[in-house]
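In: here is my input; please provide its structure:
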Amino acid sequence: MHIVVDAFGGDNAPLAPLKGAALAAGDGVTVTLVGNEEILRRVAKEENISLDGITIVHTEDVIAMEDEPRTILKAHKDCSMAVGLRMVAEGKGDAFVSAGSTGALVMGATFFVKRIKGVPRAAIATLIPTASGRPSLMLDSGANAECRPEMLCQFAQMGSVYMSRVMGGGEPATVGLINIGTEECKGGELQQQAYRLIQESGVNFVGNVESREVPFGAADVLVTDGFTGNILLKAIEGTAGMLMKEIKSLFMSNLLTKIAALLVKSKIGVLKSRMSTSEHGGAPILGVCRPVIKAHGNSDAAAIRSAIRIAGEFAATGVIEAITEAAKGSTSDE
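Out: As a prediction, this is how the structure comes out:
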């Protein structure tokens, strides 16, 4: 498997992509890093990072988080993200990974890699840890702030294909619509119309899901608009971080609690790992013609390695072909 990685995307670039790529190369993955070769080789030497199994494609331009996403099409058309996306679009890699600007990545994936025919909007699909031990896939989690009912229905179909093939071993995925209540009549016009469309779409629909049920694994696939999804995702991330901080504070409060902490250290480690973004370091952008993975902006080396692993699984399981087949017959590309 050959994965192309944006070496200058994210808060911790280029060190985190370099270390993550080296870890992935150690796992047997062929990795191409896109970015300033002189800087990458210097950092690799300074940090004693092996470049075995890694190819570097040189480009000097970088699109920053604060740059307008549309500039990837012209002003930053030769940035590390744009060059990597074009490589994958041209078949010079099996998948692309970036921790850079979400807006620019969605824009670049849409225009360079291209949307699947019949898919009006690509969606960011984020894995959310749950108490069941099996993550849920939520989409959209930020690409489309405003959605039409038919878009939510297509998100349900794409998410169902992804979870079934990549995470579920072929078993049908359950699909839920995020709403303010479980009754069919709940929500606004968008949610009510989307409910009917998803119900008739042929996916394994379990109905509306309230946000408080999300951490308990209410459905394998959670469907919502990008505005709601992004708020929910960040609320979950913030709550998880707060809980881990409070647990640590509790166990460090006195000698007895410190002794107790030693007794449950391994269990706390399992909980921390389950809630960590490094374990699910990449969110697939569903609806485009090649596998594109959005890693978290503050991804460390472990998260980049995880994103590369997810990219490889995405490319190997025929998800895009299945989505393409499901989208046939759709006449709306706008």
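In: find the nearest non-adjacent residue to residue 114, please.
Out: Excluding the flanking residues, the one nearest residue 114 by CB to CB, 6 or more residues apart in numbering is residue 289, at 5.0 Å. C-beta: built from backbone N, CA, C; applies to glycine.
In: quick check: next helix or strand after the lowest-mean-pLDDT helix or strand in the chain?
Out: Least confident helix or strand of the chain, by mean pLDDT, DSSP states H and E, is helix 265-275 with a mean of 72. Scanning forward in sequence from helix 265-275 by DSSP states H and E, the next helix or strand is strand 282-286.
In: pull up the pairing partners for that next one, direction included.
Out: Its sheet considered, strand 282-286 pairs with strand 123-124 (antiparallel), strand 292-295 (antiparallel) by DSSP bridges.
In: and residue 237, which helix or strand is it part of?
Out: Per DSSP H and E, residue 237 falls inside helix 226-251.
In: thinking again about what came up before, make TSV out of the strands paired with strand 282-286 and add mean pLDDT.
Out: Formatted as TSV, the strands paired with strand 282-286 follow (pLDDT from 0 to 100):
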stretch	mean pLDDT
strand 123-124	94
strand 292-295	94
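In: just the strands in the stretch 1-150 of the chain please.
Out: Along the stretch 1-150 of the chain, counting by DSSP state E, counting those that start in this stretch, strands occupy 2-6, 30-35, 54-58, 95-98, 123-124, 126-128, 136-139.
In: in a markdown table: these, plus mean neighbour count and distance to residue 307.
Out: Supplementary listing: those in a markdown table, determined by neighbours: other CB atoms under 10 Å; distance: least, CB to CB, whole Å:
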| stretch | mean neighbour count | distance to residue 307 |
| --- | --- | --- |
| strand 2-6 | 27 | 8 |
| strand 30-35 | 25 | 11 |
| strand 54-58 | 17 | 15 |
| strand 95-98 | 31 | 5 |
| strand 123-124 | 29 | 13 |
| strand 126-128 | 23 | 11 |
| strand 136-139 | 28 | 15 |
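In: pick out the shakiest of the ones you listed, pLDDT-wise.
Out: Lowest mean pLDDT within these: strand 126-128, a mean of 89.
In: circling back: tell me which of the strands of the stretch 1-150 of the chain sits nearest to residue 111.
Out: The closest of these to residue 111 is strand 95-98. By CB to CB, the value is 13.7 Å.
In: where does pLDDT dip in the stretch 201-334 of the chain?
Out: Within the stretch 201-334 of the chain, the stretches with pLDDT under 70 are 272-281, 329-334.
In: show me the contacts for residue 180.
Out: By CB atoms under 8 Å, 6 or more residues apart in numbering, the residues touching residue 180 are 186-187, 210.
In: can you flag the buried ones in the residues you listed?
Out: 186-187 (16 or more other CB atoms under 10 Å).
In: how many neighbours does residue 122 have?
Out: The local packing of residue 122 (other CB atoms under 10 Å) involves 27 other residues.
In: what distance do you get for it to residue 110?
Out: 6 Å (CB to CB, to the nearest Å).
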